[in-house]
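Colleague: Attaching a predicted model along with its sequence, questions to come.
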Amino acid sequence: MFKKFVVLIVLALALIAVGCGPTAPATSAPTTAPAAQAAPTATKAAAPAAPTFAGTITFGAAVSLTGKTNNEGKYTKDGYDLAVEAVNAAGGIKVGGKAYQIAIKFYDDESNPDTSAKLTEKLITEDKVNLLLGPYGSGPTRNATVISEKYKVPMVEANGAAEDIFSRGFKYSFGILSPGKMYLRGVLEMALALDPNLKTVAILVENEIFSLEVADGAKAYAESKGLKVVYNEKYPSATKDVSSLLTVVKGLNPDIILGAGHLQDSILIVKQGKDLGVNAKVWAFSVGPATPEFRDSLKKDADYIFTGAQWTPALKLTGNDVFKTPENYAKVFTQKYGYEPPYQAAESSAAVITYQKAIEKADSIEPEKVRAALVNLEFTSFYGLIKFDDRGINVYKAMAVEQLQTDGKKRTVFPADVAEAKPQFPVPAWDKR
């Protein structure tokens, strides 16, 4: 009896052990390295690392998350974050035979150039970031690049298009976007192709560095093509009223109205232009119509409006980068953020990709070696050709023209070889829509 009792206890304990053990067989350790995982969102950037830290390369960026250009700043940050996630998911940046994860330390410069400079210095001296990405806007970028030059830390920037930034003999500033003077040239070229009999142009200009260069470039190109610039006036950056300027424009009855400013300026000009009954055959803006907020704010009043674009999903490019094509970038971006990428986002992602190429070419994260690699860098990305002249600006990349069309879609309409649709032209008068 006692032996049977012992046997029963042993069997019971064995059954309990089976029930508490693993339900699947043990697996051996992997023989190959696991695929790199996507990084945490860059909103919670990894702790800044010293240049010799082998695990993480940390970029620093002071971006306009509040203030006048907060919408454009959001696109900038979203573009940076998407590229960080994509590069990390693809295995990171390779240096010295090792893979480095990348992260970004962000600050909000409140759309203020002086604040941008102070925060850029903080990123270098306190946070000890490895390298710098640019702010949004030419004013903040101009001031921030003074700091990058002072400390000899490269800055690759994607949202400061004023050539003045690159006309000071600096050696550590690199802009991947086409310069400001090019923003409205394509619109004028397209307009004359549509109607060679167009004669007059009116320009409204925000009184800040980028917009002044846009206006000067548009004026020079218009006059070189025989167009007469009948109006070219500035308004303050913080203005809430341009009705006095538009009243003068209405009396001049120009064929083309151009706005050189930012998103909120473009919305204001359209709203007050409609209220005053200002009409033209072409309306175009340097910044604004490419963004979702422009259509959301103006609804059907956004119809027919053109904009110069640094990038569009319709461009026919095959890039040597993780995104490969404009179409694929737009798909990945839209899936992540729920809105179509404006060019500000795409160029910001391209800045991160530019650093990846330069760091891998240098095989180092030392600032001087990365700078030397940037000087001679040349490659085609999903965003376009990345190449710098001796000032550090990309004068080699072409721009496109987009239009907000009457079915609610934004389409590339110029140049013809990348156009998704024909331009809707001329713009009907407000009372005829």
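Modeller: Cool, got the structure.
Colleague: Centroid-nearest residue for this protein?
Modeller: Gln344 (2.6 Å; Cα atoms, centre = their mean).
Colleague: isn't there a strand covering it?
Modeller: No. Assessed with DSSP: H, G, I helix; E, B strand; the rest coil, Gln344 is helix; it does not lie in a strand.
Colleague: confidence score at it?
Modeller: pLDDT for Gln344: 97.
Colleague: Quick check: which element contains the closest residue to it other than its chain neighbours?
Modeller: Leaving aside its chain neighbours, Gln344 sits nearest to Tyr75 (4.0 Å; criterion: Cβ to Cβ, 6 or more residues apart in numbering). From N, CA and C alone the C-beta is placed, and that goes for glycine too. For Tyr75, the host element (DSSP states H and E) is helix 70-89.
Colleague: quick one: buried residues of that helix?
Modeller: Neighbour-count burial for helix 70-89 flags 70-88 (criterion: 16 or more other Cβ atoms under 10 Å).
Colleague: now it: how far from the chain's centre is it?
Modeller: 8 Å (Cα atoms, centre = their mean, to the nearest Å).
Colleague: which is the next helix or strand following that helix?
Modeller: Heading C-terminal from helix 70-89 (DSSP H and E), you reach strand 93-95.
Colleague: mean confidence for the next helix or strand after that next one?
Modeller: Later in the chain than strand 93-95, the nearest helix or strand by DSSP H and E is strand 98-108. For strand 98-108, mean pLDDT is 97.
Colleague: what are the pairing partners of strand 98-108, and which direction each?
Modeller: Strand pairing for strand 98-108, determined by DSSP bridges: strand 56-63 (parallel), strand 93-95 (antiparallel).
Colleague: number of nearby residues for Leu192?
Modeller: Residue neighbour count, defined by other Cβ atoms under 10 Å, stands at 17 for Leu192.
Colleague: just Lys228 next, same as before
Modeller: Residues near Lys228, counting by other Cβ under 10 Å, number 11.
Colleague: who does it bridge with?
Modeller: Beta-bridge partners, per DSSP bridges, of Lys228: Thr200.
Colleague: Check the one 4 residues further on too.
Modeller: Residues in a beta bridge with Asn232, per DSSP bridges, are Ile203.
Colleague: end to end, how far does stretch 197-217 reach?
Modeller: Using Cα to Cα, to the nearest Å, the end-to-end distance of stretch 197-217 comes to 21 Å.
Colleague: residues of that stretch that come out buried?
Modeller: For stretch 197-217, the neighbour count (16+ other Cβ under 10 Å) marks 198, 200-206, 208-217 as buried.
Colleague: can you check stretch 267-286 too?
Modeller: For stretch 267-286, burial by neighbour count (16+ other Cβ under 10 Å) applies to 267-270, 272-274, 278-286.
Colleague: repeat for stretch 169-183
Modeller: 170, 172-183.
Colleague: Likewise for stretch 150-166?
Modeller: Neighbour counts using 16+ other Cβ under 10 Å place 153-163, 165-166 of stretch 150-166 among the buried residues.
Colleague: cool, and stretch 304-319?
Modeller: Residues of stretch 304-319 classed as buried: 304-315, 317, 319 (neighbour count, 16+ other Cβ under 10 Å).
Colleague: could you list every residue that touches the residue nearest to the centre of the chain?
Modeller: 72, 75-76, 79, 136, 158-159, 290-291, 310 (Cβ atoms under 8 Å, 6 or more residues apart in numbering).
Colleague: that's a helix at Ser244, yeah?
Modeller: Yes. Applying three-state DSSP, one finds Ser244 inside a helix.
Colleague: what's the neighbour count on it?
Modeller: Neighbour count for Ser244, taken as other Cβ under 10 Å: 11.
Colleague: Show the contacting residues for it.
Modeller: By Cβ under 8 Å, 6+ apart, Ser244 lies in contact with nothing.
Colleague: Could you report the separation of Glu206 from Ser286?
Modeller: Applying Cβ to Cβ, to the nearest Å, the value for Glu206 to Ser286 is 9 Å.
Colleague: so what sits against both of these two?
Modeller: 260-261.
Colleague: shouldn't Pro154 be in contact with Gly134?
Modeller: No. Contact criterion Cβ atoms under 8 Å: Pro154 and Gly134 do not qualify, at 10.7 Å.
Colleague: In what element of secondary structure is Glu360 found?
Modeller: Glu360 belongs to helix 343-362 when assigned by DSSP H and E.
Colleague: Distance from stretch 213-227 to the middle of the chain?
Modeller: Counting by Cα atoms, centre = their mean, stretch 213-227 is centred 25 Å from the centre of its parent chain.
Colleague: List the contacts of Phe333.
Modeller: Neighbouring residues of Phe333 by Cβ under 8 Å, 6+ apart: 78-79, 82, 340-341, 345-346, 349.
Colleague: now it, what's its secondary structure?
Modeller: Taking three-state DSSP as the rule, one finds Phe333 in the helix state.
Colleague: Tell me how far it lies from Thr141.
Modeller: Relative to Thr141, and taking Cβ to Cβ, Phe333 is found at 23 Å.
Colleague: List phi and psi for Phe379.
Modeller: Phi and psi for Phe379, reported as degrees, to the nearest 10, are phi -160, psi 160.
Colleague: can you pull out the strands in the stretch 301-433 of the chain?
Modeller: Along the stretch 301-433 of the chain, the stretches classed as strands by DSSP state E, counting those that start in this stretch are 306-309, 378-381, 384-387, 400-404, 410-414.
Colleague: Packing partners of the last one?
Modeller: Of the remaining helices and strands, those touching strand 410-414 by 3 or more Cβ pairs under 8 Å, 6 or more residues apart in numbering; DSSP states H and E are helix 185-194, strand 400-404.
Colleague: Alpha carbons of that strand, as PDB, please.
Modeller: The C-alpha coordinates for strand 410-414 follow below in PDB (Å, rounded to 0.1, in the frame of the first residue of the first chain):
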ATOM      1  CA  LYS A 410      -3.700  69.300 -55.100                       C
ATOM      2  CA  ARG A 411      -1.900  68.400 -58.300                       C
ATOM      3  CA  THR A 412       1.500  68.900 -59.900                       C
ATOM      4  CA  VAL A 413       0.900  70.900 -63.100                       C
ATOM      5  CA  PHE A 414       4.300  72.000 -64.200                       C
END
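Colleague: That one versus strand 400-404: what angle between them?
Modeller: On the basis of axes from the mean of the first three to the mean of the last three Cα atoms, to 10 degrees, strand 410-414 is oriented at 140 degrees to strand 400-404.
Colleague: Can you list the strands that strand 410-414 pairs with?
Modeller: With DSSP bridges as the test, strand 410-414 pairs up with strand 400-404 (antiparallel).
Colleague: List the contacts of the partner strand.
Modeller: Against strand 400-404 from outside (Cβ under 8 Å, 6+ apart): 186-187, 190, 289-290, 294-295, 302-309, 311-312, 314-315, 410-415, 418, 421, 423-424.
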